[in-house]
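Engineer: model this:
(one chain, ligands or ions: 1)
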Amino acid sequence: MPLGEITWLRRGACRSSDPELFFPLAPSAVQEARAKAVCATCQVLTECRAYALTAGEAEGIWGGLTPQERRRTRFPAGWRSPAPT
Ligand code: SF4
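Structural biologist: Sure thing, here's the model as predicted:
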């Protein structure tokens, strides 16, 4: 689904934030903490996180999670792809 069609995104707390905070060229712990603080106040955090996990968004902070945190959620330790049939 194109991002322009996701209506809940218009209610996101990050709407008035600098996009660089959520999609930095050089991620840092400080930047991640600041972005997560915005997400913590967001009324659509649940929708945002579910979307990012389902869509497999690979970049940026979504739903209060970093790309690494989303990967760990989607592919927990010990996860293996199914064997080809
Ligand atoms: S949860 Fe975070 S990234 Fe998602 S819409 Fe809200 S503020 Fe933006």
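Engineer: where are the low-confidence patches of the chain?
Structural biologist: 1 (pLDDT under 70).
Engineer: what parts of it come near the ligand?
Structural biologist: 12-14, 22, 38-39, 42, 44-45, 48, 61-64 (Cβ under 6 Å from any ligand atom). C-beta: built from backbone N, CA, C; applies to glycine.
Engineer: and the residue nearest the centre of the chain, backbone torsions?
Structural biologist: Central residue of the chain (Cα atoms, centre = their mean): Trp62, 1.8 Å from the mean position. The phi/psi pair for Trp62 (degrees, to the nearest 10) reads phi -130, psi 130.
Engineer: repeat for Arg74
Structural biologist: Torsion angles, degrees, to the nearest 10, at Arg74: phi -80, psi -30.
Engineer: which non-adjacent residue is nearest it?
Structural biologist: Leu53 (5.9 Å; Cβ to Cβ, 6 or more residues apart in numbering).
Engineer: thought Arg70 was touching that neighbour, still the case?
Structural biologist: Yes - the pair Leu53 and Arg70 passes the contact test of Cβ atoms under 8 Å, sitting 6.0 Å apart.
Engineer: neighbour count for those two, which is higher?
Structural biologist: Arg70 (21 against 16; other Cβ atoms under 10 Å).
Engineer: surely the more buried one forms part of a helix?
Structural biologist: Yes - Arg70: assigned to a helix according to DSSP: H, G, I helix; E, B strand; the rest coil.
Engineer: contacts only, for it.
Structural biologist: By Cβ atoms under 8 Å, 6 or more residues apart in numbering, the contact list for Arg70 reads Ala52, Leu53, Glu57, Trp62.
Engineer: rerun at 7 Å
Structural biologist: Ala52, Leu53 (Cβ atoms under 7 Å, 6 or more residues apart in numbering).
Engineer: what's the strand or helix carrying the residue nearest to Arg74 in contact with?
Structural biologist: In the assignment (DSSP states H and E), Leu53 maps to helix 45-55. When contacts are defined by Cβ under 7 Å, 6+ apart, helix 45-55 is touched by residues Ile6, Trp8, Gly12, Cys39, Cys42, Trp62, Gly63, Gly64, Leu65, Arg70, Thr73, Arg74.
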